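[1] Compute the structure for the input listed below.
(2 chains)
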Number of protein chains: 2
Amino acid sequence: MTNQRPYARLAPEIIAEIERIPGEITVVSEAEKLADYDADETPGGIRHLPEAVVIPTRPEQVAAILGIATRHHIPVTPRGGGTGLAGGCIPIYGGILLVMTGLNKIIAVDKRNFTAVVEPGVTLGELQEKLDGSGLAYPVHPGEMTATLGGTVATNAGGMNAVKHGVTRHHVLGLEAVTACGEFIRCGGAYVKSSSGYDFTQLITGSEGTLAIITRIILKLGAATTLREILFVPFPSLENAIDAVPDILRLEPQPSGLEFMEKDILDIVTRHTGQDIPRGDHDAYLMIIVDAANTDELHRYFVSAEAICRRHGAAETTVPGDARARRRLLNARENFLPALRAMGELDVIDIVVPRQEIPVFLRQVKALSTAAGIPVIAYGHAGDGNVHLHPVCHNISNEYWQTHLPQLEHDIFVAGIALGGAVSGEHGIGISKKHFLPLQHDEASLDIMRRVKLAMDPDNILNPGKIFDIQARISTKG
Amino acid sequence: MTNQRPYARLAPEIIAEIERIPGEITVVSEAEKLADYDADETPGGIRHLPEAVVIPTRPEQVAAILGIATRHHIPVTPRGGGTGLAGGCIPIYGGILLVMTGLNKIIAVDKRNFTAVVEPGVTLGELQEKLDGSGLAYPVHPGEMTATLGGTVATNAGGMNAVKHGVTRHHVLGLEAVTACGEFIRCGGAYVKSSSGYDFTQLITGSEGTLAIITRIILKLGAATTLREILFVPFPSLENAIDAVPDILRLEPQPSGLEFMEKDILDIVTRHTGQDIPRGDHDAYLMIIVDAANTDELHRYFVSAEAICRRHGAAETTVPGDARARRRLLNARENFLPALRAMGELDVIDIVVPRQEIPVFLRQVKALSTAAGIPVIAYGHAGDGNVHLHPVCHNISNEYWQTHLPQLEHDIFVAGIALGGAVSGEHGIGISKKHFLPLQHDEASLDIMRRVKLAMDPDNILNPGKIFDIQARISTKG
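    Residues are numbered from 1 along each chain as shown, chains lettered A, B, ... in the order given. Predicted coordinates:
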């Protein structure tokens, strides 16, 4: 059943066959140009060259490419904006790197149905620009606006707004995709409700390009925000801050963002950006982002939220009040990762735990960090339990880092999963987290994943080696 | 690959094997008692007897039952509250009817994480009772409170609140389930965000018991509603009413329900309940249900919403104002189906179309209805495009009904799907809509469904014959 024969090399005659596909299509196979496509934003220097980069501009070309790849047994790795943090688009078996940025049309925005139909190469920034002034918005905000929508669907990207609006999968209403053998499937549609067969829209979302190549996306939009304000609330401890979260989430409206951060990351980002934010001297902070219908509602919300925070030990709350101060606060949050990258080598963990477990989990992480002798910076989404952890190679030798990091990360994942957590909240598994996935999913569950993968991609040509490997138990059954 | 050998009979020694499974387990095989389990609420008299009813009380027993069923090649049909409208729980191949009502524990309600862990046999009513006074609520409201949560997950039940809160799948965070061979898989967890392998939580949700048997559900809860009010707005035509919907959905808060109905169904329900509702003489109505934080917000919302409706031609708006009048309005809505059933034979169609297409679609339905000579009553969820259609056998002969109904329904589905719709918004496909599914999904998509089905249930013992049949293209490939 697994059929794991070795992949073929991408011979010149196969490349020529791809080049003959009708319509505008770019094929890059010169060694020096391929070097631009061997990595994404994943830390740790994971790189692998494709044998050719293929940039189609039409869905039918994607079908033709996959037909050729199946016929010749060539692996195909899809790539969007290349902004991934788990190596999902690195072509570790060579073959074809299918760069989807040429399918970049916004096909329709329906202002009555609140839906958009887009091709996968459209970036978050381009969609936002298109929606500006329409009264509608795409509320998923993973942060990196050059990410393509196809990439965010493939990884089920999350972001700050998930506490109110959910993640990418909650906004993907339908997909057109091409299976490994080059056939189109269409699933879902421009509606929220459907009980009409298996939900392949949801199965393909988050499958990191391993089940089918997305060629068209129907997105759910929401009404645009009219009024946004931020509460920045200092707490004596992270426990106090997290303890306030359930009460905050009982208020209406739900906050659009509910972020926690500690003193250390604010010190780091202040040094990096050169812009301090008024914050006094406290151990932990909540950033509560609220969209309201009008200033009355906003005021009422602030009074209630501040009272809750004070009951949980908060000191004086900051409300930026004007656009510039608001931008500065959000800017600080968005610069956490760049500021950490500027310090030197680091890793990116985006584990998720049930949100009330954040303080317990972070106490364990700090103990593990201290024991391992590797600093770990933490911050994240208090509203949904998604914790960003960054082991940083700071004041330690590179050799020490290389030797001790794997065990520390293993121990962190074991701790988070024991609390009911998952390996990745929003970045995906790709290759960098693949060896940790069995800590979360038992063999029976991984086996079913492999079976479903092979049901849809019998020759394992679609993004092979990502999320899990195909071998193991599967060959013994069925 | 399909392995479609005939199912074995459920011989007395196999029944004895099931009875020997440790723990409290009920096995019913006396013919006279089985008659209670041959149907659900689906109209049209579809019935089939199981060979035995098995009622386990523990997840491990479910695993043991499936192990036995696989070994002996016995079909297993899961059943919850038996309230389904598409025949999903009718054991059309006999075998074991696995009644899940014995797994009926509410295992945990987490007031800090806003989650509940339940067994599948817990009913919507039991969960609501448990949550009363907790400040939390499960906002999915398919209407029938005796439905089990397992059944609502299996069919991805929807209901009135979907416009604001989404459908069942948006509240299923994790599942424990047993595969055909009797192995447990666990997917998801008590968190909203995850990008950690294929989302089997979402794949199993809505799969109508054909992929795995659900034994435990992690549900997302929301803050309980503090203040609910209804606007009941008459319009000169359905077009006017639907035209007002996008503007209403731009207001904050989002309405918790946004229902459309026409004069005919209100006349019918009034006759049935004997309770009139103040409504004047208009062609179409919107029922706008709003949950607000306080009366100020409610008042502000009503002013804005009424202004929108008036711009779209609405006459005087009714606001019930007190609990009794509010209850009477909701009661009318909840009695649409019972009132229609009381009129005689009917069918239930719950097609979904992109919501702005509702008037176009209903014009086509009325033309088809007139041409076919079979009355069709329509109402539904204006906020999400889910249209309930009831062909009624009223003032026509049963013979005419039997002869002409299939073609009328076929034509209605063709029309809705041509507008971008789906066969079922919230009831599921089961057996009663199975022959219409190929109108929506092309052969490539159905083929992938069959392949995924067989990847998870290689011997096709789980609820066989539901959603689709296994034969067709699949045997020619892979």
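[2] contacting residues for residue A:396?
    A:373, A:374 (Cβ atoms under 8 Å, 6 or more residues apart in numbering or on different chains). The way it works is simple: take the backbone N, C-alpha and C, and place the C-beta from them, glycine included.
[3] From chain B, how far off is it?
    29 Å (Cβ to the nearest Cβ, to the nearest Å).
[4] again, but for residue A:305
    With Cβ to the nearest Cβ as the criterion, residue A:305 and chain B are 12 Å apart.
[5] pretty sure that residue belongs to a strand, no?
    No. Going by DSSP: H, G, I helix; E, B strand; the rest coil, the assignment for residue A:305 is helix, not a strand.
[6] surely it meets residue A:231?
    Yes. Contact criterion Cβ atoms under 8 Å: residue A:305 and residue A:231 qualify, at 5.9 Å.
[7] Three-state assignment for whichever residue of the stretch 201-350 of chain A sits closest to chain B, please.
    Among residues of the stretch 201-350 of chain A, the one nearest chain B by Cβ to the nearest Cβ turns out to be residue A:202. It sits 3.6 Å away. On the three-state scheme (three-state DSSP), residue A:202 is labelled helix.
[8] Quick check: the gap between the residue nearest to it when sequence neighbours are not counted and residue B:328.
    Distances taken as Cβ to Cβ, 6 or more residues apart in numbering or on different chains place residue B:202 nearest to residue A:202, at 3.6 Å, with adjacent residues excluded. Computed with Cβ to Cβ, to the nearest Å, the distance linking residue B:202 and residue B:328 is 38 Å.
[9] average pLDDT for stretch A:122-141?
    Averaging pLDDT along stretch A:122-141 gives 97.
[10] List the buried residues for it?
    Using 16 or more other Cβ atoms under 10 Å in any protein chain shown as the test for burial, stretch A:122-141 gives A:122-124, A:126-127, A:130-131, A:136-141.
[11] Specify the beta-bridge partners of residue A:258.
    Applying DSSP bridges to residue A:258 gives these bridge partners: residue A:288.
[12] For it, which residues are in contact?
    Residue A:258 neighbours (Cβ under 8 Å, 6+ apart): A:163, A:245, A:248, A:249, A:286, A:287, A:288, A:289, A:381, A:382, A:383.
[13] Which members of those residues are the farthest-apart pair?
    A:249 and A:287 (14.7 Å; Cβ to Cβ).
[14] if we can go back for a sec, just confirm the residue of the stretch 201-350 of chain A closest to chain B contacts residue B:203, I think it does.
    Yes. The pair residue A:202 / residue B:203 is scored as a contact, 6.8 Å apart, by Cβ under 8 Å.
[15] Between those two, tell me which one has more neighbours.
    residue A:202 (25 against 22; other Cβ atoms under 10 Å in any protein chain shown).
[16] Can you give me the pLDDT of that one?
    For residue A:202, pLDDT reads 98.
[17] Tell me who's in contact with it.
    A:169, A:172, B:169, B:199, B:202, B:203.
[18] of the residues you listed, closest to residue A:373?
    Nearest member of the contacts of residue A:202 to residue A:373, counting by Cβ to Cβ, is residue B:199, at 37.1 Å.
[19] Now do the residue lying closest to the closest one once chain neighbours are set aside: how many residues are near it, please.
    Nearest residue to residue B:199, sequence neighbours excluded (Cβ to Cβ, 6+ apart): residue A:206, at 5.4 Å. For residue A:206, the neighbour count with other Cβ under 10 Å is 28.
[20] Point out the other helices and strands that the helix or strand encompassing residue A:18 packs with.
    Assessed by DSSP states H and E, residue A:18 sits inside helix A:12-19. Judged by 3 or more Cβ pairs under 8 Å, 6 or more residues apart in numbering or on different chains; DSSP states H and E, helix A:12-19 is in contact with strand A:25-28, strand A:52-56, helix A:59-72.
[21] now that helix: how far from the chain's centre is it?
    Relative to the mean C-alpha coordinate of its chain, helix A:12-19 is positioned 34 Å out (Cα atoms, centre = their mean, to the nearest Å).
[22] Now do it and strand A:52-56, the angle between them.
    10 degrees (axes from the mean of the first three to the mean of the last three Cα atoms, to 10 degrees).
[23] residues from the stretch 201-350 of chain A in reach of chain B?
    Contact residues (Cβ under 8 Å from any Cβ of the partner chain) of the stretch 201-350 of chain A with chain B: A:202-203, A:205-207, A:211, A:223, A:226, A:245-246, A:249-253, A:291-294, A:296-297, A:300.
[24] let's see it at 6 Å
    Within the stretch 201-350 of chain A, the positions adjacent to chain B are A:202, A:203, A:206, A:207, A:223, A:246, A:250, A:252, A:293 by Cβ under 6 Å from any Cβ of the partner chain.
[25] which sections of the stretch 1-150 of chain A are below the confidence cut-off?
    A:1-3 (pLDDT under 70).
[26] Wasn't residue A:403 part of a helix?
    Yes. Assessed with three-state DSSP, residue A:403 lies in a helix.
[27] For it, which residues are in contact?
    Contacts for residue A:403 (Cβ atoms under 6 Å, 6 or more residues apart in numbering or on different chains) come out as none.
[28] now it: how far from residue A:373?
    Distance from residue A:403 to residue A:373, by Cβ to Cβ: 11 Å.
[29] again with residue A:305
    From residue A:305 across to residue A:373, the span is 40 Å (Cβ to Cβ).
[30] Between these two, which is the more surrounded one?
    A direct count of neighbours by other Cβ under 10 Å for residue A:305 and residue A:373 places residue A:305 higher, at 22 against 12.
[31] got a list of what that one touches?
    For residue A:305, the contact set (Cβ under 6 Å, 6+ apart) comprises A:231, A:248.
[32] again with residue A:318
    A:232, A:278.
[33] Quickly list what it is bridged to.
    residue A:232.
[34] pLDDT at the residue nearest to residue B:199, what is it?
    98.
[35] isn't residue A:149 right up against residue A:123?
    No. Applying Cβ atoms under 6 Å, one finds residue A:149 not in contact with residue A:123, separated by 7.2 Å.
[36] ok, which stretches of the stretch 201-350 of chain A are helices?
    A:238-250, A:263-273, A:295-311, A:323-334, A:336-342 (DSSP state H, counting those that start in this stretch).
[37] coming back round to it: can you tell me which two in the residues of the stretch 201-350 of chain A next to chain B are farthest apart?
    A:207 and A:293 (37.5 Å).
[38] of those two, who's got more company?
    Remark: of residue A:207 and residue A:293, residue A:207 carries more neighbours, 30 against 19, as counted by other Cβ under 10 Å.
[39] Tell me which helix or strand the closest residue to that one other than its chain neighbours sits in.
    Using Cβ to Cβ, 6+ apart and skipping residues adjacent in sequence, the residue nearest residue A:207 is residue B:198, 5.7 Å away. For residue B:198, there is no host helix or strand (DSSP H and E).
[40] State the number of residues packed around residue B:198.
    For residue B:198, using other Cβ under 10 Å, the count is 27.
[41] same check, this time on residue A:323
    Residue A:323, neighbours per other Cβ under 10 Å, totals 9.
[42] per-residue pLDDT, it?
    So, for residue A:323, pLDDT stands at 89.
[43] can you pull the contacts of it?
    By Cβ under 6 Å, 6+ apart, residue A:323 has no neighbours at all.
[44] Check the spacing between it and residue B:447 real quick.
    53 Å.
[45] One more: residue A:81?
    32 Å.
[46] who has more neighbours, those two?
    With neighbours defined as other Cβ under 10 Å, residue A:81 and residue B:447 compare such that residue A:81 has more, 24 against 21.
[47] name the element the spatially closest residue to residue A:157 that is not a sequence neighbour belongs to?
    Nearest residue to residue A:157, sequence neighbours excluded (Cβ to Cβ, 6+ apart): residue A:142, at 4.0 Å. According to DSSP H and E, residue A:142 maps onto no helix or strand at all.
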